[in-house]
Structures are given as structure tokens and as C-alpha cells.
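J.: Sequence plus predicted model, see below.
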Amino acid sequence: MGSHTNSQMSIAKALDIAKESQNGHLPPTVNAILERKMADIWQKINSQPNTYVMSQEEFAVFSYYRSRYSNNRVASDAVSRFWSNYRGTDSTSSNASTSTS
């Protein structure tokens, strides 16, 4: 893990490492990646509090930090919007309705 730098580690990999951490102590690189991404997500949500819809990756990060925002209406609404717009991970599902001939 010490060989990873911020530019080399993906958000998904950082989340995997964080979720595997039983004691909550994250390696500094993982913590920095996730904190930076969470700050970016929260800025986007706050800039469009009634309309911003998180991507799946953003939602995964947000879910990891969800307890920070447990009593926050803007956060709760953002989660609701995500689920209202969620289409699943199957990339072919969005094409299914257009390929009916």
C-alpha cells in the first residue's frame, strides 16, 4: 500500500480499503483521497441543493461518510434524489428500450 500515491489509487480502490478497515484507521493516502472526494461531492450538493444527483461513485463515497450528515436535510434529500434516479449498473439496461425492432 505504501507504494500508492493519490494519483495512482482510484476512488473505488480507496473505498475498498476503507471498508475493509475494521478499526476505522485509514492509511493517510486513502483518507486524503476520500476526504478530497467527499469535499467535492458536498460542494456540488450544496451548490445545487434541490437538483444535484450524485453519480454511483459519488454515492458510494457519500454513503461511507453518511453518519456525518445524519441530521442534515440537504444530505437526506440528495440521497433520495440518487435513489429516485438510480438505473442500476447494467450498461445494457439503458439501451434495452431503444433496441426494440
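T.: Yes, it's here.
J.: Which strands or helices does the longest helix along the chain pack on?
T.: Of all segments of type helix in the chain, defined using DSSP state H, the longest is helix 28-47. Counting contacts by 3 or more CB pairs under 8 Å, 6 or more residues apart in numbering; DSSP states H and E, helix 28-47 is packed against helix 11-20, helix 56-64, helix 73-85. The way it works is simple: take the backbone N, C-alpha and C, and place the C-beta from them, glycine included.
J.: Could you export it as CSV, keeping only the C-alpha atoms?
T.: In CSV, the C-alpha atoms belonging to helix 28-47 read as follows (Å, rounded to 0.1, in the frame of the first residue of the first chain):
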residue,chain,number,x,y,z
PRO,A,28,-3.1,8.6,5.1
THR,A,29,-3.3,8.2,1.3
VAL,A,30,-6.7,6.6,1.4
ASN,A,31,-8.0,9.1,3.9
ALA,A,32,-6.8,12.0,1.7
ILE,A,33,-8.4,10.6,-1.4
LEU,A,34,-11.7,10.0,0.2
GLU,A,35,-11.8,13.3,2.1
ARG,A,36,-11.0,15.3,-1.0
LYS,A,37,-13.7,13.5,-3.0
MET,A,38,-16.2,13.9,-0.2
ALA,A,39,-15.5,17.7,0.0
ASP,A,40,-16.0,17.9,-3.8
ILE,A,41,-19.3,16.0,-3.6
TRP,A,42,-20.6,18.1,-0.7
GLN,A,43,-19.7,21.3,-2.6
LYS,A,44,-21.7,20.0,-5.6
ILE,A,45,-24.7,19.1,-3.4
ASN,A,46,-24.7,22.5,-1.7
SER,A,47,-24.3,24.4,-4.9
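J.: buried residues in it?
T.: Going by neighbour count (16 or more other CB atoms under 10 Å), the buried part of helix 28-47 is 29-30, 33-34, 37-38, 41-42, 44-45.
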